[in-house]
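Colleague: Got a predicted model here, sequence first, then my questions.
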Amino acid sequence: MALPPLHDTIAAIATAPGSGAIGVVRLSGPESFRLAEQIFVSKQRLSALPGGRVIYGRIRDGSELIDEALALTFRAPHSYTAQDVIELQTHGGPAVLRAVLALCLRRGARLAGPGEFTLRAYLSGRIDLVQAEAVLDLVMAQSDQARRNANLGLSKALSRELDRIQMDLTGVYGNLQAVLDYPEEGVPESEFATPLRQALARCERLLATAKAGAMVRRGARLAIVGRPNVGKSSLLNA
């Protein structure tokens, strides 16, 4: 599957479906500030602002008021995607958010695909693949332990352990190349065995936690069985 374009400007509703007090439409890409400025009316011009600002204004479609809003500015590379990003924070009604998104698309933004903001963060090098997966785990977390596990992935603790395994195996590969190129020199057996044992031990430690991690992430199905009137319903409803 071909990757979507990376250097155009994308937009999407960034908050969960349904009604809420607050909703967010996010833009990312080189034209984010210019596009947002066409629909966000304020005393300050968005295109003149640095990152890290929050300003009040109104979102308008010509003469029609769509909603009052806050605009949050993020300048590349100091944003989630490492691109220029604008987040328009409005009231969270679906009609409001759909109208704001439609305005962004009419001004030239492209509708972001599922996970495309995180894809841009990954391809820009801001996060690695483990962190990208942890973002989804954090969004989907239903328990405190799932949240903690996701934050562990975001902290790069798992990435660092994988880097150590890669370093061990890269060292073995380098020694194998040396033996093939210069067999008369010889390489001590320990130069192969020690890093391989270290890599194997690290892999085994990671695998030992995988089953529990999957259960925390996906949940477990339990059957409560027993004789009538022994408290099954009470246990379920506790």
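Modeller: Right, received. Where do you want to start?

Colleague: Spit out the contact partners of residue 129.
Modeller: Counting by CB atoms under 8 Å, 6 or more residues apart in numbering, residue 129 touches residue 122. All C-beta spots, glycine's among them, are computed from the backbone N, C-alpha and C.

Colleague: rerun that using 10 Å as the cut-off
Modeller: The contact partners of residue 129, by CB atoms under 10 Å, 6 or more residues apart in numbering, come to 122, 159, 162.

Colleague: Return the residue of this structure that is most distant from the centre.
Modeller: Ranking residues of the chain by C-alpha distance from their mean position (CA atoms, centre = their mean) puts residue 184 at the top, at 50.4 Å.

Colleague: Work out for me the element that one sits within.
Modeller: Using DSSP states H and E, residue 184 is not contained in any helix or strand.

Colleague: can you pull out the strands in the protein?
Modeller: For the chain, strands defined by DSSP state E occupy the ranges 10-13, 22-28, 40-41, 54-61, 64-74, 85-91, 110-111.

Colleague: for these, which one sits closest to residue 2?
Modeller: strand 110-111 (14.7 Å; CB to CB).

Colleague: Next one, pLDDT for the spatially most central residue of the chain please.
Modeller: Among the residues of the chain, the one closest to the centroid is residue 135, at 3.7 Å (CA atoms, centre = their mean). For residue 135, the pLDDT comes out at 93.

Colleague: What residues of the longest helix belonging to the chain count as buried?
Modeller: What stands out as the longest helix in the chain, according to DSSP state H, is helix 190-218. Across helix 190-218, burial judged by 16 or more other CB atoms under 10 Å covers 191, 195, 198-199, 213, 216-217.

Colleague: which residues of this structure score low on pLDDT?
Modeller: For the chain, the stretches flagged by pLDDT under 70 are 1.

Colleague: Tell me the spacing between the nearest residue to residue 35 once chain neighbours are set aside and residue 13.
Modeller: Nearest-residue entry for residue 35: residue 107, 4.6 Å, with adjacent residues in sequence omitted and distances by CB to CB, 6 or more residues apart in numbering. For residue 107, the distance to residue 13 (CB to CB, to the nearest Å) stands at 16 Å.

Colleague: What of residue 233?
Modeller: According to CB to CB, residue 233 stands 40 Å off from residue 13.

Colleague: Tell me which of those two has more neighbours.
Modeller: Of the pair residue 233 and residue 13, residue 13 is the one with more neighbours under other CB atoms under 10 Å, namely 18 against 10.

Colleague: hang on, that one packs against residue 25?
Modeller: Yes - Residue 13 sits in contact with residue 25 when judged by CB atoms under 10 Å, with a separation of 5.7 Å.

Colleague: Now do the shared contacts for these two.
Modeller: Shared contacts of residue 13 and residue 25, defined by CB under 10 Å, 6+ apart, are found at 97-98, 100-101.

Colleague: Mind checking which of those are buried?
Modeller: The neighbour count (16+ other CB under 10 Å) marks 97, 100-101 as buried among these.

Colleague: between these, which is closest to residue 59?
Modeller: Nearest member of these to residue 59, counting by CB to CB, is residue 100, at 5.7 Å.

Colleague: Show the contacting residues for that closest one.
Modeller: Residue 100 sits in contact with 11, 13, 23-25, 36, 39-40, 59, 61, 66-67, 69, 88, 90, where contact means CB under 10 Å, 6+ apart.

Colleague: top of these by neighbour count?
Modeller: When neighbours are counted by other CB under 10 Å, residue 36 leads the contacts of residue 100 with 30 neighbours.
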